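*Asks:* just to be clear, the model below is a prediction. Sequence and coordinates:
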Amino acid sequence: MCLPETALLVEAHGEGVERWGIVTREGRAQRVGLTFVPEANVGDILLIHSGQAFRILDPGEEGTEAVTRG
């Protein structure tokens, strides 16, 4: 069973269905699709599953404490 994880968006590129970004978590970087969260901006904390970001989390929301900001 795969579970979603939180990550910090550090780069965003492209537009529309071609939009993608780089996220970091616990010192590792990963490329993810941003098609489902077109309003995501660098610095946002995202919920990631199977290489796709599907939700922007509020900074105080449960699960965001594992993401380091800088």
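*Replies:* Nice, I can see it. Numbers count the residues shown, from 1 in each chain.
*Asks:* ok, and the closest non-adjacent residue to Gly33?
*Replies:* Across the structure, with C-beta to C-beta, 6 or more residues apart in numbering as the measure, the residue nearest Gly33 apart from its sequence neighbours is Gln52 (4.5 Å). C-beta coordinates here come from the backbone N, C-alpha and C atoms, glycine included.
*Asks:* just for the protein, where's the confidence low?
*Replies:* For the chain, applying pLDDT under 70 flags the ranges 1, 62-70.
*Asks:* tell me where the longest strand sits in it.
*Replies:* Counting residues, the longest strand in the chain under DSSP state E turns out to be strand 5-13.
*Asks:* neighbours around the residue lying closest to Glu11 once chain neighbours are set aside, how many?
*Replies:* If you skip the residues right next to it in sequence, Glu11 has Ile22 as its closest partner in space, 4.0 Å away by C-beta to C-beta, 6+ apart. Ile22 has 16 neighbouring residues, counting by other C-beta atoms under 10 Å.
*Asks:* strand partners (parallel or antiparallel) of the helix or strand hosting Ile22?
*Replies:* Using DSSP states H and E, the element containing Ile22 is strand 20-25. Paired with strand 20-25 in the same sheet, following DSSP bridges, are strand 5-13 (antiparallel), strand 28-33 (antiparallel).
*Asks:* list the buried residues for the helix or strand where Ile48 lies?
*Replies:* Of the helices and strands defined by DSSP H and E, Ile48 is found in strand 45-49. Within strand 45-49, the residues that qualify as buried by neighbour count (16 or more other C-beta atoms under 10 Å) are Ile45, Leu46, Leu47, Ile48.
*Asks:* tell me the centre residue of the chain?
*Replies:* Leu46 (3.3 Å; C-alpha atoms, centre = their mean).
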